[in-house]
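Student: The sequence and its predicted three-dimensional model are supplied below.
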Amino acid sequence: MNMGLKLKQRFVLLAVVVIMALVILYILAGRSSAHGRDKTWFQWKQQKDENTALSSNLLLDGLMLDKRPSGRNHVQKGGLPGFEPIDFTADLGGRSPWTIAASWVSSRHIYPEDAEELGGILQKMATAEITHADVGYKGTQLKALLVLNGHQKAVFKPKRYPREYIIEGKPYDGYDRHNAEIAAFHLDRLLGFRRAPLVVGRKVDLRTEIMPVGSDRLMSTFLTQGNDTCFYGKCYYCKETEPACADGEVMEGSVTLWLPSNWSLKGRQRHPWGRTYRNDKQARWEYDDTYCNSVKQTPPYNSGPRLLDILDAAIFDYLIANADRHHYETFEKDGDKGMLLLLDNAKSFGNPNHDERTILAPIYQCCKLRSTTWERMKLLTGDRLSQLLRKSLANDPIAPVLTDAHLAAIDRRLLTAIDMVQGCIDENGRDNVLVDDSRHH
């Protein structure tokens, strides 16, 4: 009896040991499997990160540009045109920079995608002899009209603020920012629009370059404050008490190339999403979310590319924080099919800490966008836009053009705009939002 009991106890003990061993083996196997899964995921993520970094580096390091003896930038097969750094040493082959620039202008673009001489023309704009200077054309902001050697007109907007200065208040407050005009030109190029005139930074010696060739009406607005030479020009808001002043006699500013005379402008047309600039009165779009339906029934927005140009401009203006596009201009000869020119962008880059969502009203009210614009936007995510813009601006004569805060703001705003368009796609379907407008692009 006792022997049978002892044998039974041994079997029970053995069974317990076997069960415990199986449990331990199961746990160890699970951990090994989990470790394998974690390792696989880590390797996949590491490879993905490496691929992303490689792709980003290819994009940012000249996008597979080869260096040819001619000194010009060429895009190799697989490169992305429009993303190449601007070569300020580009050879113009002895041709007039102004003739080249004038020959580029077309119904849909100010310059072509493969404008190899672009940097060379910008360099001439920054260095060419000034043969005449006058007060600027009509407008609300201070500017001067320059004539460069070779009878080329250009607009000079003087520096009014240091780079780090932040414009508080309404999104359209403050003086024009010359550096904003420069940065907007480069961003327009990176977005693939190419609807902004050529702009470059320039330092002008007022005593040696302007005073000997300045008109009487311009020179009558010159004065001195301490050791600095200043001028206040003639414009709607120009005042003797608020002049722009040089650093001594050297004034920093932006130079915008005048469009050729054979491409005359139709004149200022009211932007359908323009502001009232009054605290006691709202524009219809500010309280009516169905406003776009009315716009789409009104010429020239009921057919052709104009509404899509308005939507492109909304993306562009949101990125640069320009809430001041109350009117726009097109080429006279193109009629209602003329492109919306991205002129006068100097009320941009005022406050890097504020994103003015109402600039995107055309997007969230119409829920439409060119498919080419959408694809370009997605390509520029992941800080690529700011890095490309930084690189594009690096060779400008007055670099650095933008502060890091403004560059970071552009990336942030791009994501907001993408989220907004994606929301439209999710709600209405891709085919009802994105428009293939290759005929007008």
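Tutor: Done, it's in. The structure displayed is predicted, hence computed values, not measured ones.
Student: All the helices of this structure, in order from the start?
Tutor: Using DSSP state H, the helices of the chain run over 2-60, 97-104, 118-127, 178-190, 216-219, 291-295, 306-320, 361-366, 371-379, 384-393, 404-428, 430-433.
Student: looking at those, which one has the lowest mean pLDDT?
Tutor: Here those differ in mean pLDDT, and the lowest is helix 2-60 at a mean of 46.
Student: I figured residue 179 hits residue 163, correct?
Tutor: Yes: contact criterion C-beta atoms under 8 Å: residue 179 and residue 163 qualify, at 6.7 Å. For the C-beta atoms, the positions are set from N, CA and C on the backbone; glycine is no exception.
Student: of these two, who's got more company?
Tutor: residue 179 (29 against 15; other C-beta atoms under 10 Å).
Student: how far away is the more buried one from residue 297?
Tutor: 40 Å (C-beta to C-beta, to the nearest Å).
Student: And for residue 224?
Tutor: Residue 224 is 57 Å from residue 297, by C-beta to C-beta.
Student: Who has more neighbours out of the two?
Tutor: The neighbour comparison of residue 224 against residue 297 (other C-beta under 10 Å) goes to residue 224, with 12 against 9.
Student: Now for the closest residue to residue 124 other than its chain neighbours: which residues touch it?
Tutor: Leaving aside its sequence neighbours, residue 124 sits nearest to residue 97 (C-beta to C-beta, 6 or more residues apart in numbering; 4.2 Å). Taking C-beta atoms under 8 Å, 6 or more residues apart in numbering, we find residue 97 in contact with 117, 120, 121, 124, 125, 128, 150, 152.
Student: residues contacting the last one?
Tutor: Pointing back at residue 152 there. With C-beta under 8 Å, 6+ apart, residue 152 has these contacts: 97, 98, 128, 257, 258.
Student: how about a cut-off of 7 Å?
Tutor: 98, 258 (C-beta atoms under 7 Å, 6 or more residues apart in numbering).
Student: measure it to residue 198 for me?
Tutor: Taking C-beta to C-beta, one finds residue 152 at 11 Å from residue 198.
Student: repeat for the fourth one
Tutor: Here residue 124 is placed at a distance of 10 Å from residue 198 (C-beta to C-beta).
Student: The fifth one too?
Tutor: Residue 125 sits 7 Å away from residue 198 when distances are taken as C-beta to C-beta.
Student: Show me which of those two is the more surrounded one.
Tutor: Under the criterion of other C-beta under 10 Å, the comparison of residue 125 against residue 198 puts residue 125 first, with 25 against 22.
Student: Might one say that that one is in contact with residue 255?
Tutor: Yes: using C-beta atoms under 7 Å, residue 125 is in contact with residue 255, at 5.0 Å.
Student: Need the residues touching each of these two.
Tutor: Residues touching both residue 125 and residue 255 by C-beta under 7 Å, 6+ apart: 154, 200.
Student: so who does the nearest residue in space to residue 427 that is not next to it in sequence touch?
Tutor: Spatial nearest neighbour of residue 427, chain neighbours left out: residue 367 (7.5 Å); criterion: C-beta to C-beta, 6+ apart. Residue 367 makes contact with 424, 428, 433 under the criterion C-beta under 7 Å, 6+ apart.
Student: for residue 188, same thing?
Tutor: By C-beta under 7 Å, 6+ apart, the contact set of residue 188 is 194, 195, 196, 316, 342.
Student: By neighbours, which of these wins?
Tutor: residue 342 (27 neighbours).
Student: Residue 310 versus that residue, what's the distance?
Tutor: Counting by C-beta to C-beta - residue 342 and residue 310 are separated by 12 Å.
Student: Okay, the closest residue to residue 371 other than its chain neighbours and residue 368: tell me how far apart.
Tutor: Nearest residue to residue 371 in three dimensions, chain neighbours excluded: residue 434, at 4.2 Å (C-beta to C-beta, 6+ apart). According to C-beta to C-beta, residue 434 stands 8 Å off from residue 368.
Student: Residue 91 now?
Tutor: Taking C-beta to C-beta as the measure, residue 91 and residue 368 are separated by 42 Å.
Student: more crowded one of these two?
Tutor: residue 368 (20 against 13).
Student: residue contacts, that one?
Tutor: 311, 433, 435.
Student: what's the neighbour count on residue 166?
Tutor: By other C-beta under 10 Å, the residues close to residue 166 number 15.
Student: That one contacts residue 321, correct?
Tutor: No: here residue 166 does not reach residue 321: they are 11.3 Å apart, not a contact under C-beta under 7 Å.
Student: any common contacting residues for those two?
Tutor: residue 351.
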